[in-house]
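Chemist: coordinates only, sequence not included:
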């Protein structure tokens with residue numbers, strides 16, 4: 001297993017939406033974090049703020065200069081590869097991979113997000129509304145790679161989603177994913193049990209409008225156990241730096257002199 005990380009700095013505040021982190025982006029309020037029960041978040045929760053979220057996602061620190069460049073870097077040479085973008089949102093990662101020669105199919109559980117992705121990618125793009133917690137409408141072994149960008153941490157149970165992602169990958173195919181770093185949860189909730197599966201929530205502000213997002217924390221070993229149980233081999237674990245050339249004006253004061261921080265953790269998995 002290869003470790004591509006460099007020394008990082010733990011951010012002692014919440015970080016980890018599918019979009020921008022309130023701890024990192026100057027346009028966001030500091031989040032109100034709470035521990036919650038077992039109620040499920042509706043899959044189409046993003047519909048109510050899709051346009052505002054998508055606009056913020058384009059060039060903010062967390063997505064535009066950290067998470068998305070890291071995912072593209074881990075994907076490497078994708079020319080001619082059939083890639084499924086699971087939880088594609090408004091399509092920025094799909095667009096970047098397609099520009100690099102990939103044959104991209106995308107889906108999201110939010111109809112509003114899929115509509116935005118269609119605007120971005122054009123009428124010839126293969127995009128659909130689908131839920132990762134349900135069986136996917138793709139044939140066995142249909143894809144060379146699957147990318148899952150900041151999606152799995154919304155799900156309590158990874159068993160069925162990982163099984164479906166393994167099913168639609170050809171043998172030897174790759175699952176490339178990012179999720180909230182488990183250490184962030186302990187920074188936000190220092191008295192909580194790191195080893196327990198736990199649901200927690202943050203408030204975020206997109207273009208002046210506040211919304212609440214909810215995640216499931218699980219320890220690192222629970223993540224890797226779920227991967228291996230689903231038939232994957234972990235080939236890369238990455239805690240990357242922000243991308244070179246990140247504008248200093250978008251950096252919060254505590255990161256001005258740093259290139260690395262802990263926010264998300266990235267994996268490249270190979271399908272057996």
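Modeler: Yep, it's here. Bear in mind that the values here come from a model prediction, so they are computed numbers and not experimental data.
Chemist: how many residues are close by the nearest residue to residue 250 once chain neighbours are set aside?
Modeler: Using C-beta to C-beta, 6 or more residues apart in numbering and skipping residues adjacent in sequence, the residue nearest residue 250 is residue 61, 5.1 Å away. The way it works is simple: take the backbone N, C-alpha and C, and place the C-beta from them, glycine included. Applying other C-beta atoms under 10 Å, we find 23 residues neighbouring residue 61.
Chemist: from what I can see residue 61 touches residue 242, true?
Modeler: Yes. Applying C-beta atoms under 8 Å as the test, residue 61 and residue 242 come out as touching, 6.9 Å apart.
Chemist: thinking again about what came up before, and the residue nearest to residue 250, how far from residue 188?
Modeler: To residue 188, residue 61 is 18 Å away according to C-beta to C-beta, to the nearest Å.
Chemist: about what we covered before: shared neighbours of residue 61 and residue 242, anything?
Modeler: Common contacts of residue 61 and residue 242 (C-beta atoms under 8 Å, 6 or more residues apart in numbering): none found.
Chemist: which residues of the stretch 101-250 of the chain fall in helices?
Modeler: Listed in chain order, the helices of the stretch 101-250 of the chain (DSSP state H, counting those that start in this stretch) span 111-121, 159-168, 182-188, 220-229.
Chemist: and residue 62, that's in a helix?
Modeler: Yes. Assigned with DSSP: H, G, I helix; E, B strand; the rest coil, residue 62 falls within a helix.
Chemist: give me the angle between whichever helix or strand residue 85 is part of and helix 159-168.
Modeler: Using DSSP states H and E, residue 85 falls within strand 82-86. Counting by axes from the mean of the first three to the mean of the last three C-alpha atoms, to 10 degrees, strand 82-86 lies at 170 degrees to helix 159-168.
Chemist: report the angle between strand 82-86 and helix 111-121.
Modeler: If you take the same axes, to 10 degrees, strand 82-86 sits at 140 degrees to helix 111-121.
Chemist: starting at the chain centroid, how far to strand 82-86?
Modeler: Strand 82-86 sits 14 Å away from the centroid of its parent chain (C-alpha atoms, centre = their mean, to the nearest Å).
Chemist: following element in sequence after that strand, please.
Modeler: Strand 82-86 is succeeded, C-terminally, by helix 92-99 (DSSP H and E).
Chemist: tell me what the strand holding residue 85 is packed against?
Modeler: helix 92-99, strand 103-108, strand 143-149 (3 or more C-beta pairs under 8 Å, 6 or more residues apart in numbering; DSSP states H and E).
Chemist: per-residue pLDDT, the residue nearest to residue 250?
Modeler: Looking at residue 61, its pLDDT reads 91.
Chemist: quick check: mean pLDDT of stretch 66-83?
Modeler: 97.
Chemist: an error on my part: the question was meant for stretch 124-142.
Modeler: 96.
Chemist: give the buried residues for it.
Modeler: Judged by neighbour count using 16 or more other C-beta atoms under 10 Å, the buried positions of stretch 124-142 are 125, 127, 130, 132-133, 136, 138, 142.
Chemist: list just the nearest of those residues to residue 170.
Modeler: Nearest to residue 170 among the buried residues of stretch 124-142 is residue 142, at 7.8 Å by C-beta to C-beta.
Chemist: contacts only, for the residue nearest to the closest one when sequence neighbours are not counted.
Modeler: Nearest residue to residue 142, sequence neighbours excluded (C-beta to C-beta, 6+ apart): residue 168, at 5.1 Å. Each residue near residue 168 by C-beta under 8 Å, 6+ apart is listed here: 84, 136, 138-143, 146.
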